[in-house]
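Student: got a sequence here, can you build the structure:
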Amino acid sequence: MDKIKEKFSSICDTRHQSYVEHKLSDILVITMCAVLCGIDSLNGIISYAENKKEFLENKFGITKIPSKPTLSRVLNMVDAGNVAGIITGIMKESIEDTGSVVAVDGKAMRSTAEKGKPHSALQVLTAYCTESSVVLGQEAIHEKTNETLNTHIPGNAGISRY
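Tutor: Residues are numbered from 1 along each chain as shown. As a prediction, this is how the structure comes out:
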């Protein structure tokens, strides 16, 4: 878990260090964990951190939870693309085992179709690592297709789409 915090240390912390109460890496780890659990609001991230205090302390050595204003200031300060790149790298490393199978499947989201147009429902494509039970990503797609795609990705991982 120290490796994860170390990866976040590559992000420049522009805060005046004499006023820093929470390490940038701690805030980013809390945010990453919460977002990977499907949480997408500041209040949700804070609630997650408070509910998972023991986990965060045991796994990452995080002993203090930032306030909502601190979390907001820090997340507005960092380059979101850089943070996303690091998180993506962490996720890729966690499934780099040779022979990993990535399943890709599309689903129509209930209650999203326009009235009288059943095929207008939001379609979401999901990539899922079967061995580690990790969702690698989701993306909205414009239309449903029944194509089967088999390809090769680094690490000999196969992709199958049904």
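Student: going forward, measure contacts between C-alpha atoms and count neighbours the same way
Tutor: Noted.
Student: what residues sit buried inside stretch 51-71?
Tutor: By 16 or more other Cα atoms under 10 Å, the buried positions in stretch 51-71 come out as Lys53, Leu56, Phe60, Ile62, Lys64, Ile65, Pro66, Leu71.
Student: mind picking out the helix or strand in this protein with the poorest mean pLDDT?
Tutor: The helix or strand of the chain with the lowest confidence, counting by mean pLDDT, DSSP states H and E, is strand 157-161 at a mean of 39.
Student: so the most centrally placed residue in the chain versus Val101, what's the distance?
Tutor: Averaging the C-alpha coordinates of the chain gives a centre point, and the residue nearest to it by Cα atoms, centre = their mean is Leu36 (4.1 Å). With the distance defined as Cα to Cα, to the nearest Å, Leu36 ends up 20 Å from Val101.
Student: go on, Ile90?
Tutor: Here Ile90 is placed at a distance of 18 Å from Val101 (Cα to Cα).
Student: who has more neighbours, those two?
Tutor: Under the criterion of other Cα atoms under 10 Å, the comparison of Ile90 against Val101 puts Val101 first, with 20 against 14.
Student: and that one, how far is that from Gly137?
Tutor: Distance from Val101 to Gly137, counting by Cα to Cα: 14 Å.
Student: farthest residue from the center of this structure?
Tutor: With distances taken as Cα atoms, centre = their mean, the residue sitting farthest from the centre of the chain turns out to be Gly116, at 35.1 Å.
Student: in this structure, where is pLDDT below threshold?
Tutor: 1, 94-100, 110, 132, 142-162 (pLDDT under 70).
Student: ok, 80 please
Tutor: Screening the chain residue by residue with the criterion pLDDT under 80, one finds the ranges 1-3, 5, 14-16, 18-20, 40, 88, 90-114, 117-162.
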